[in-house]
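Trainee: okay, structure incoming, though there's no sequence with it:
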């Protein structure tokens, strides 16, 4: 019994009226963890009940602590009929398991119902007492820290970067079980939501175990994805980079933020954003002609045959000569040296000089037909599919003369029975300075040679990658741009795959060139704010993907889903906009958003199969426009405010503590779509609610911001005839606590931004 | 049918004051876009009309979602759904509860019932305010009325605390509630020259002087009703007109004081008995609820109109009322000084406020 979870239900407020007769509610609360359930007393006739319960104690294994969420259900007591559920709150215990993160969860959390949305709030207190377990064969991995941020978090320093970790967990989707025919939509949504919470907990635990095995203590660039494969099941998978992190004391942090770039020993401390910018000569005119460097290939043959050849022949063929262990600080390397299977890093930001050469974008994809997963405990086929893709990526990188892939990411898109798996990253040669001793000589030599022209199949791909910093910048951007091609709907009949595959390839290629253009534009606009732009380019990408598909007038029906994705990406970007001291940047940012918005809007018009010629003629978003929202900067400094940003930092502020990962999954369904203002109204409410819940959880952890925030996996289904709609959203990010930079600094920044703003204004008029 | 899906949600809730005002005024999205284009937003931003449309739609949706919270402004501060900076919250509330003087003039003193609500389309036609806006304003009145009706303690303070309104607006609402509760007639043709602010001022006077709460702060009664005891006592003032001696004495005192000080002395002297009778009769009748309703009409008919036809200036009126009030205290047989002061104080300030064209 290595852990004790304690929960206390304090009070509720703004509860909905459950008893029409009295316009009041007799509320009580069920607190459930694992199979143990506690109940509070009924607090009669109140919409603002004060339960003030005792401490409910759960004695559990730490394995369960990681897997299970704490489930709080608020109910209305009914003497004669069954008690009505008001709503639920799921609390992820994970942040409490790490000594350096939050110690208590305390605050008002929205009570959520999958049909009605937020219905009041509940005030809870949750604590965990953990006993150390030194069992070598333990199944838990408590204490491993997770970060969504794709760079070394600001208040840590990496002693060692161990490399790529991945894991996937499979289960049957409750939505497709036989029982779903007889239960209510609410019950099935809740079953699904709970299962996904459980699965992501389990996944994190397993990844954590792998990290511990490797000797690390943290996962950076943790990227979790859900594949809703419909009838064939539900896959939750994650990738990340295992690291050994050490907390920097405040004094060290101070020095780290002002590095002197003269000596190599110092410039490796923090792969920070701030340092990167000055190193990149962005203002020095346009980088030389940029061409799309893609290196993609497909395996339609493999997928077409249902037996999904998971032959591991390639595995043995590829020599594992790549030593990719690296350490960022000048700390003597650890005595062990692991050659990992995949030299991939999910990180996108590195210390200066770390990337010796960038080989170009590598991507691989394959189209698969989904089949039922027979044994959820041994998800062999899914593992094998990804294995294939990773091997391909690796061999591409090899072909480009690179020994590592940075900014690696994986994604899928599923349409009925067809599943497209894709992975992409940037092939790179890492500086030997950062490598642990390994067979580096050959790599090193290779990198000095001018890279030659590769060709695969019919597609010629040129690869001459300069080591110029600006170009590197471009590739960083590409690194961050996730693979598009999401939500392309194709017919599910088998022969169509053949048509589809070349198309998707073409699209991809096209996109690369397009996104590159955009990226360049982007880069000019925002001189230096590389990461942020990357995110924007991401939006542009997905936007364009829809656009392009229309241009090509190929029979591809873009489902509304695409737009949802676009929109949700966009949503996220409102947050940097109000920042005070990057106002010029925010300006651009929001103008892009505005454009995107326009884009998404027009595209949607055309998406209903009536691709008018007007749509085709609509120009690419190359012109910039001043945004409607640009001047609206809220310098809200209220205590309760929780900021959200897709960036890994908060402009003008210093992150002092990481409180744990936020990883939540929400399902919302409605049977009164028209009454809620149609799809837009429904989604608007839902997104606002998701924001509210994320904010509340962050605040409960004691944080005041979410960084690296992302909203993923938006499934949106609607049936206007039945007046129904359903939407699934996954959000993730790092809860942090930040403090504004000192008075002196902020004023200087403000004056700068003020001048930037005025000049900008002059431009605009 | 094409499916329109277009949302833009911010972590910090995005709101534009201008769009908010358009929404409050009850314009449709398309009209709002037109107004915004005319307002020159386009030149400022180079955005296309479609962007503007979808931006407007987004904000309209946000406001609709917020509206539920605005009905209970106290909730707005501790709700979690929208992250709105406090200053913006205050702006939202203040503007939501703001009303048009021309609208309030139409419903002032009417029962805030469903029947009145049904007639709002006429009001809308007459005032040129959209029906939607009329309904919002009407519902605001009704909501405030319902909440405050049940509460004890000072009216204005209650409104301010429950609806987080600024002082001026809370005072106006207090007037509206007071008028609705006592059903003062304000719609008669003779009263049309009076503005809402005139009435709000008078309501303030009445609330501060003639209600139970006015005399005794410790009394746990409402500010909404007039002090019944006081109304009862007002009957005693009748002696001023029924007792012939008292009336003559009163007249001679006032005339002595005013002689040579005013240009309308002759008219005043001729009219004194009429005017005095008018005012005292108003006082004596106030015990009847029906006559309370006609309070303002009576004042206009019995006092203001005769004075106006004799071309009194407001200085004359002030002078007259001052001496009229004060000389009563010199009358030796008159005993109801406190009631007289309480009555005339309000009457004087109301008349002075109402004495204009």
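Mentor: Arrived safely, thanks for sending. Computed from a predicted structure; not experimentally measured.
Trainee: output the contacting helices and strands for the strand or helix carrying residue B:66.
Mentor: Element membership of residue B:66, judged by DSSP states H and E, is helix B:49-70. The contact analysis (3 or more C-beta pairs under 8 Å, 6 or more residues apart in numbering or on different chains; DSSP states H and E) places helix B:49-70 against helix A:583-606, helix A:678-700, helix B:17-24, helix B:29-38, helix B:41-45, helix B:73-78, helix B:86-97. Quick note: C-beta positions are derived from backbone N, CA and C, even for glycine.
Trainee: relative to helix B:29-38, how tilted is it?
Mentor: Compare the direction of helix B:49-70 with that of helix B:29-38 by axes from the mean of the first three to the mean of the last three C-alpha atoms, to 10 degrees and you get 120 degrees.
Trainee: buried residues, helix B:49-70. List them.
Mentor: When burial is assessed from 16 or more other C-beta atoms under 10 Å in any protein chain shown, helix B:49-70 yields the following buried residues: B:51-63, B:65-66, B:69-70.
Trainee: now the end-to-end length of stretch A:369-382.
Mentor: Across its full length, stretch A:369-382 reaches 11 Å end to end, with C-alpha to C-alpha, to the nearest Å as the criterion.
Trainee: if we can go back for a sec, where among the helices and strands packed on helix B:49-70 is average confidence lowest?
Mentor: Of all the helices and strands packed on helix B:49-70, helix A:583-606 carries the lowest average pLDDT, namely a mean of 39.
Trainee: next, the residue in the stretch 251-357 of chain B positioned nearest to chain A: phi, psi?
Mentor: For the stretch 251-357 of chain B and chain A, the shortest gap (C-beta to the nearest C-beta) falls at residue B:289, measuring 31.5 Å. Phi and psi for residue B:289, reported as degrees, to the nearest 10, are phi -60, psi -40.
Trainee: gap between stretch B:341-352 and the chain center?
Mentor: Here stretch B:341-352 is found 17 Å from its chain centre; the criterion is C-alpha atoms, centre = their mean, to the nearest Å.
Trainee: please read the previous query as pertaining to stretch B:32-43.
Mentor: Distance of stretch B:32-43 from its chain centroid, counting by C-alpha atoms, centre = their mean, is 35 Å.
Trainee: so which bits of the stretch 651-765 of chain A are right by chain B?
Mentor: Neighbours of chain B within the stretch 651-765 of chain A, by C-beta under 8 Å from any C-beta of the partner chain: A:677-681, A:683-685, A:687-689, A:691-693, A:695-696, A:718, A:720, A:764-765.
Trainee: just the buried ones from those residues?
Mentor: Among these, those classed as buried by 16+ other C-beta under 10 Å are A:677-681, A:683-685, A:687-689, A:691-693, A:695-696, A:718, A:764.
Trainee: for residue B:300, list the residues it contacts.
Mentor: For residue B:300, the contacting residues are B:190-191, B:354, by C-beta atoms under 8 Å, 6 or more residues apart in numbering or on different chains.
Trainee: quick one, which of those residues are buried?
Mentor: B:191, B:354.
Trainee: got the contacts of residue B:300 as JSON lines, with distance to chain A, secondary structure and pLDDT columns?
Mentor: Formatted as JSON lines, the contacts of residue B:300 follow (distance: C-beta to the nearest C-beta, whole Å; DSSP: H, G, I helix; E, B strand; the rest coil; pLDDT from 0 to 100):
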{"residue": "B:190", "distance to chain A": "44", "secondary structure": "helix", "pLDDT": "86"}
{"residue": "B:191", "distance to chain A": "40", "secondary structure": "helix", "pLDDT": "88"}
{"residue": "B:354", "distance to chain A": "43", "secondary structure": "helix", "pLDDT": "91"}
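Trainee: roughly how far apart are residue B:191 and residue B:298?
Mentor: Distance, residue B:191 to residue B:298, by C-beta to C-beta, to the nearest Å: 11 Å.
Trainee: and residue 1, what pLDDT?
Mentor: By default, I'm working from chain A. The per-residue pLDDT reported for residue A:1 equals 52.
Trainee: you looked at the wrong chain, it should be chain B
Mentor: Reported pLDDT for residue B:1: 34.
Trainee: in chain B, where is pLDDT below threshold?
Mentor: B:1-5, B:43-47, B:213-223 (pLDDT under 70).
Trainee: tell me which other helices or strands the strand or helix carrying residue B:148 touches.
Mentor: Assigned by DSSP H and E, residue B:148 belongs to helix B:131-149. Secondary-structure packing of helix B:131-149 (3+ C-beta pairs under 8 Å, 6+ apart): helix B:86-97, helix B:101-107, helix B:114-118, helix B:120-127, helix B:155-163, helix B:167-182.
Trainee: output those in CSV, with distance to chain A appended to each entry.
Mentor: Converted to CSV, these look like this (distance: least, C-beta to the nearest C-beta, whole Å):
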stretch, distance to chain A
helix B:86-97, 6
helix B:101-107, 27
helix B:114-118, 20
helix B:120-127, 24
helix B:155-163, 16
helix B:167-182, 23
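Trainee: let me have those in JSON lines, extended by mean neighbour count.
Mentor: Compiled in JSON lines, the helices and strands packed on helix B:131-149 are given as follows (neighbours: other C-beta atoms under 10 Å in any protein chain shown):
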{"stretch": "helix B:86-97", "mean neighbour count": "18"}
{"stretch": "helix B:101-107", "mean neighbour count": "20"}
{"stretch": "helix B:114-118", "mean neighbour count": "12"}
{"stretch": "helix B:120-127", "mean neighbour count": "15"}
{"stretch": "helix B:155-163", "mean neighbour count": "21"}
{"stretch": "helix B:167-182", "mean neighbour count": "22"}
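Trainee: ok, now which ones touch residue A:108?
Mentor: Contact analysis of residue A:108 by C-beta under 8 Å, 6+ apart lists A:13, A:121-123, A:696, A:699-700, B:78, B:80.
Trainee: double-check that it belongs to a strand.
Mentor: Yes: using DSSP: H, G, I helix; E, B strand; the rest coil, the assignment for residue A:108 is a strand.
Trainee: what residues does the nearest residue to residue A:16 once chain neighbours are set aside make contact with?
Mentor: Leaving aside its sequence neighbours, residue A:16 sits nearest to residue A:119 (C-beta to C-beta, 6 or more residues apart in numbering or on different chains; 4.7 Å). Contact analysis of residue A:119 by C-beta under 8 Å, 6+ apart lists A:15-16, A:86-87, A:111-113.
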